[in-house]
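# Okay, structure incoming, though there's no sequence with it:
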Ligand code: IVH
C-alpha cells in the first residue's frame with residue numbers, strides 16, 4: 001500500500017505538519033488528510049504506529065477546524081467523516097448484491113481428506129491448490145464501494161437481506177472510507193468480512209459492565225455483533241471494533257477494462273485488498289498444493305490460537321483458483337469450493353446442579369452456579385458465576401436445567417443459555433437470599449443496581465479486605481501493616497476486626513517468624529500515630545460504598561461527630577455537595593447498621609478521632625465554602641461586621657435555614673431560625689465567641 005519511499009515522504013510531511021500546528025491552513029487540507037490516512041493504516045492495519053496519539057489528535061483537530069470553517073472543503077472520505085452525529089433511528093433492510101452463504105464444517109483431518117477427494121472428483125484434477133486462512137469469530141459484514149467510495153455497510157441478516165449499518169461500520173478504523181479500486185478498473189465492488197473485538201478490548205468492556213453492576217457478555221463474538229446494531233454510533237466507536245475482510249463477492253468493471261489478474265485467484269484478491277489499505281489476512285493466509293500441508297497448517301494455528309489478540313474459531317480452506325471455484329459451484333447453503341475447519345469446541349452442555357451465594361470483599365453477593373463437571377476447550381468447568389439476580393431472571397436459569405456454557409479464549413466461562421426444550425418440569429426456581437449467607441445481616445440493593453450487598457463491616461467474609469483498606473496509605477496510613485500482615489494476623493487469630501488493629505498483642509506477634517524488634521516498634525508507632533488521623537480519613541477508611549476521599553471530606557465537614565450521621569435523614573444527606581441519591585442511600589444504610597455503630601463506638605474508646613476537630617476548635621480562619629447565618633443580637637459585633645468577617649475568611653452568607661447551612665451564629669433573643677436549625681442535625685449552632693474563634697479573630 002505504501003512503498004518505503006512514500007512512507008518516508010509521509011513521515012517527513014507529518015513532522016512538518018506537527019510543527020506547523022496552529023498555522024495549518026486551507027491549502028494543507030489534502031496533505032493533512034493523506035497524513036492522517038497514512039497513520040490510520042499504520043495503526044489499524046499494520047499495528048505499527050509512527051506517531052504519538054496526541055500528535056494524531058492534534059492534526060485531526062486541525063482538519064476538523066478547516067472543514068468547519070470552509071465546509072466546501074469537506075470530502076465524503078475525509079477521516080473526520082467517521083465521527084458520528086445523532087442516533088440511527090432504524091436499520092433499513094438492504095439486499096446484498098450476492099447472497100452471503102455460510103460454510104460447510106469439518107472437524108478433523110478425515111473430514112478434510114474427504115473434502116479434498118470430492119473437490120478432485122468435481123474438477124477432475126490430481127492436486128488442487130488451496131488457500132488457507134483463519135476463520136474469524138465475530139459478526140459478518142458486507143461493504144459496498146462505488147467509484148472508490150464506501151457507500152454501504154450491512155450485517156449478514158438472513159444471507160439475502162441484512163441491516164444497513166453503514167455509520168457503525170464507518171467507526172471501524174480498519175475499514176477505509178475510500179479505496180482506489182479504480183486503479184484496477186473496478187467500479188462497484190462488494191466485499192465480505194468479519195467484525196471483531198480484540199480480546200483486551202473485550203476484557204475492558206466487560207470490566208466496565210461489571211463495574212456498573214451489569215453482567216458481562218459471554219464472548220467477543222456477541223459483543224462485536226451486538227455493537228454493529230447499536231443505535232448510537234458514538235457508543236459503537238467506543239468499543240473499538242476491528243475488521244478483517246476476506247472475500248470479494250461482486251465487482252463490476254469500468255468501460256473497456258479487463259478483469260485484473262489479482263481477481264483470478266483468492267490469494268490474489270486478498271493481496272489486492274491489502275494493497276488498497278484493507279486489513280485482509282494477507283500475512284495469515286498460506287497456499288498449499290494438496291491437502292497434507294493444509295492439515296498441518298490448521299493444526300499449527302489451533303495450537304497458537306490463544307496467542308492471537310483476537311478470537312478465531314477455526315480455519316477456512318478455499319480452492320485458490322476462482323475459475324475453478326465457479327466450475328465447482330455451490331449448494332443452496334454453502335460453496336463446494338470452501339470448507340471451515342472448526343477448532344475444538346469451547347462450548348459444552350451440562351447440568352446446573354445448584355446455586356451457592358458467595359460474599360465478595362465489598363459485600364457483593366454473587367450467585368455461583370455449581371455444574372456437573374464438563375470439559376470445555378481443555379478445561380474442566382464445575383462452577384460458574386451467574387452474576388446477579390437480574391441475570392438469572394433474564395437467562396431464565398433454573399436448578400436442574402441443561403445449560404450451554406462457553407469458555408471463549410482467556411475469558412472466564414459463562415453460561416450462554418439454558419436449554420429450555422430439555423426441561424422435564426422438575427426444575428426449581430433459584431431463590432435469592434434476603435440475608436447474608438455468612439453473617440445473616442439483612443441484604444441491601446441500591447436503586448438502579450443489580451447487586452445485593454451485605455453492609456455489615458464485621459461480616460467475616462469481608463473483614464480481611466476491609467481491614468486492608470482501613471490501614472492502607474490513603475486511609476489510616478498505617479505503614480508496615482500491609483496486605484500480607486493483615487492476612488497473616490487474621491489467620492493466626494490475632495486480628496479479628498477493625499478495632500482489633502488497635503488491640504494487637506505484640507507479645508504474640510514477636511513470637512512469629514519474620515518479626516524483629518525494630519519492625520514491631522515501627523508498626524506500633526504507626527498504629528499509635530494513626531489514632532490522630534483526621535475524621536475524613538477515618539470516614540474514607542471505613543470503606544462505605546461510593547464514599548471516596550472527596551466525599552469523605554464533605555461528610556467530615558458536615559458533622560461535629562461521626563455518630564451524628566445516625567440521625568441525619570436521607571434528604572439532608574442529599575443536600576450535601578456531590579452527594580446524590582445513590583451515595584446518600586449507601587451512607588444511610590451504613591449508619592443504620594447496629595454493628596457498624598458498635599465498631600465506631602469501640603474505635604472512639606480506643607482513642608480515634610470521631611469528632612470533627614476543625615469544627616470544634618478551628619482557629620485557622622479559613623472557612624472556604626462554609627455557609628453562615630446570623631440570628632438574634634450578637635454581644636459585640638454588628639450584623640454587618642459579623643457578615644464581613646465570615647466573607648473575609650471565605651465563608652458565604654445564606655438567607656435562611658436549610659440543610660445547606662453549616663453555621664448558625666446565635667445572639668440574644670434568637671427566634672424561629674434557631675428552632676428550625678435545631679431540627680437539622682448538620683447545622684452547627686454557635687455563639688459569637690465560637691464564631692470569632694473559628695474565623696481566627698480571637
Ligand atoms: S468465506 C462464500 N472466510 O464464517 C464464502 N468466511 O461459518 C464466504 N468467516 O458466514 C465465507 N472468517 O461470517 C470466509 N476467512 C473467512 C472467514 C469466514 C470467518 C465467517 C463468515 C461466514 C461464516 C461461515
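That came through, no problem. Source: prediction; values computed, not measured.
# Ramachandran angles for the residue in the chain that the ligand sits nearest to?
Nearest residue of the chain to the ligand (CB to the nearest ligand atom) works out as residue 140 at 3.1 Å. Using the backbone N, CA and C atoms, a C-beta is placed for each residue, glycine as well. With angles defined as degrees, to the nearest 10, residue 140 sits at phi -80, psi 150.
# Just say helix, strand or coil for residue 306.
Following DSSP: H, G, I helix; E, B strand; the rest coil, residue 306 is assigned to helix.
# Apologies, that question was intended for residue 189.
strand.
# Per-residue pLDDT of residue 239, please?
pLDDT, residue 239: 87.
# quick one: contacts for it?
197, 201, 205, 223, 227 (CB atoms under 8 Å, 6 or more residues apart in numbering).
# Can you name the two of those that sit furthest apart?
Spanning the widest gap among the contacts of residue 239 are 201 and 227, at 10.4 Å by CB to CB.
# Looking at these two, which one has more neighbours?
residue 227 (24 against 20; other CB atoms under 10 Å).
# Surely that one and residue 242 touch.
No - Residue 227 is not in contact with residue 242 according to CB atoms under 8 Å; the separation is 11.0 Å.
# hey, what's in contact with both of those two?
With CB under 8 Å, 6+ apart, residue 227 and residue 242 have common neighbours 195, 197.
# And the residue of the chain closest to the ligand, how close does it get to residue 102?
Going from residue 140 to residue 102 by CB to CB, to the nearest Å gives 9 Å.
# Of these two, give the one with the bigger neighbour count.
Higher neighbour count among residue 140 and residue 102: residue 140, with 21 against 12, using other CB under 10 Å.
# Mind listing the residues bridging to that one?
Taking DSSP bridges as the rule, residue 140 bridges to residue 194.
# Same check on the one 10 residues further on?
Judged by DSSP bridges, the bridge partners of residue 150 are residue 145.
# show me the contacts for it.
Contacts here follow CB under 8 Å, 6+ apart; on that basis residue 150 touches 77, 143-144, 166, 169-170, 175-179.
# Select from those every entry located in strands.
Counting by DSSP state E, the part of the contacts of residue 150 found in strands is 143-144.
# near the ligand too, which of the contacts of residue 150?
Restricting the contacts of residue 150 to those touching the ligand (CB under 6 Å from any ligand atom) yields no residues.
# Turn the contacts of residue 150 into JSON lines, columns for pLDDT and neighbour count.
Output for those, formatted as JSON lines (pLDDT from 0 to 100; neighbours: other CB atoms under 10 Å):
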{"residue": "77", "pLDDT": "92", "neighbour count": "16"}
{"residue": "143", "pLDDT": "98", "neighbour count": "25"}
{"residue": "144", "pLDDT": "98", "neighbour count": "20"}
{"residue": "166", "pLDDT": "93", "neighbour count": "18"}
{"residue": "169", "pLDDT": "94", "neighbour count": "26"}
{"residue": "170", "pLDDT": "93", "neighbour count": "20"}
{"residue": "175", "pLDDT": "96", "neighbour count": "25"}
{"residue": "176", "pLDDT": "96", "neighbour count": "25"}
{"residue": "177", "pLDDT": "96", "neighbour count": "21"}
{"residue": "178", "pLDDT": "96", "neighbour count": "18"}
{"residue": "179", "pLDDT": "97", "neighbour count": "25"}
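# and the two most separated of the contacts of residue 150?
Greatest spacing in those, by CB to CB: 166 and 179 (15.4 Å).
# Test my guess that residue 656 contacts residue 629.
Yes - using CB under 8 Å, residue 656 is in contact with residue 629, at 7.2 Å.
# Okay, and residue 349 sits in which element?
strand 347-359 (DSSP states H and E).
# gap between that strand and the chain center?
25 Å (CA atoms, centre = their mean, to the nearest Å).
# Output the contacting helices and strands for it.
strand 365-376, strand 379-385, strand 402-406, strand 414-418, helix 460-471 (3 or more CB pairs under 8 Å, 6 or more residues apart in numbering; DSSP states H and E).
# Given the first one, what are its sheet partners and their directions?
The reference is to strand 365-376. strand 347-359 (antiparallel), strand 379-385 (antiparallel).
# Run through the residues of the stretch 151-300 of the chain sitting next to the ligand.
Looking at the ligand, the residues of the stretch 151-300 of the chain close enough under CB under 6 Å from any ligand atom are 192, 194, 246-247.
# Can you flag which of the residues you listed belong to strands?
192, 194, 246-247.
# And these, which two are furthest apart?
Using CB to CB, those span at most 9.9 Å, a distance reached by 194 and 247.
# Tell me who's in contact with residue 277.
Residue 277 neighbours (CB under 8 Å, 6+ apart): 1, 37, 41, 45, 176, 179.
# Pull the most distant pair out of these.
Largest separation among the contacts of residue 277 by CB to CB: 45 and 179, giving 11.8 Å.
# Touching both of the two, which residues are there?
277-278.
# all strands of the stretch 51-200 of the chain, in order?
93-95, 105-106, 129-136, 139-146, 149-155, 161-163, 186-196 (DSSP state E, counting those that start in this stretch).
# What ranges does the stretch 501-650 of the chain have for its helices?
Counting by DSSP state H, counting those that start in this stretch, the stretch 501-650 of the chain has helices at residues 506-510, 517-530, 535-541, 549-558, 570-574, 581-592, 594-605, 613-617, 639-648.
# how about JSON lines for those, with distance to residue 158 and mean pLDDT added?
Listed next are these as JSON lines, based on distance: least, CB to CB, whole Å; pLDDT from 0 to 100:
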{"stretch": "helix 506-510", "distance to residue 158": "70", "mean pLDDT": "92"}
{"stretch": "helix 517-530", "distance to residue 158": "66", "mean pLDDT": "91"}
{"stretch": "helix 535-541", "distance to residue 158": "56", "mean pLDDT": "95"}
{"stretch": "helix 549-558", "distance to residue 158": "52", "mean pLDDT": "88"}
{"stretch": "helix 570-574", "distance to residue 158": "51", "mean pLDDT": "90"}
{"stretch": "helix 581-592", "distance to residue 158": "43", "mean pLDDT": "91"}
{"stretch": "helix 594-605", "distance to residue 158": "57", "mean pLDDT": "94"}
{"stretch": "helix 613-617", "distance to residue 158": "69", "mean pLDDT": "55"}
{"stretch": "helix 639-648", "distance to residue 158": "71", "mean pLDDT": "86"}
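# quick one, which of those helices is packed in tightest?
Of all the helices of the stretch 501-650 of the chain, helix 535-541 has the most neighbours on average by mean count of other CB atoms under 10 Å, namely a mean of 23.
# Now do that helix: which elements does it pack against?
By 3+ CB pairs under 8 Å, 6+ apart, helix 535-541 packs against helix 460-471, helix 549-558.
# re the thing from before, of the contacts of residue 239, the lowest pLDDT goes to which?
residue 205 (84).
# Please look at that one and residue 223 and confirm they touch.
Yes - at 6.2 Å, residue 205 counts as touching residue 223 under the criterion of CB under 8 Å.
# any common contacting residues for these two?
Both residue 205 and residue 223 are contacted by 197, 217, 239, under the criterion CB under 8 Å, 6+ apart.
# Would you agree the second one is in contact with residue 223?
Pointing back at residue 217 there. Yes - using CB under 8 Å, residue 217 makes contact with residue 223 at a distance of 4.8 Å.
# Mutual contacts of the two, please.
With CB under 8 Å, 6+ apart, residue 217 and residue 223 have common neighbours 202, 205.
# So for these two, which sits in the more crowded spot?
The neighbour comparison of residue 217 against residue 223 (other CB under 10 Å) goes to residue 223, with 23 against 19.
# Please, which helix or strand holds that one?
Assigned by DSSP H and E, residue 223 falls in helix 220-228.
# Direction-wise, compare that helix with strand 129-136 and give the angle.
80 degrees (axes from the mean of the first three to the mean of the last three CA atoms, to 10 degrees).
# What is the subsequent helix or strand relative to helix 220-228?
Using DSSP H and E, the helix or strand that follows helix 220-228 towards the C-terminus is helix 233-238.
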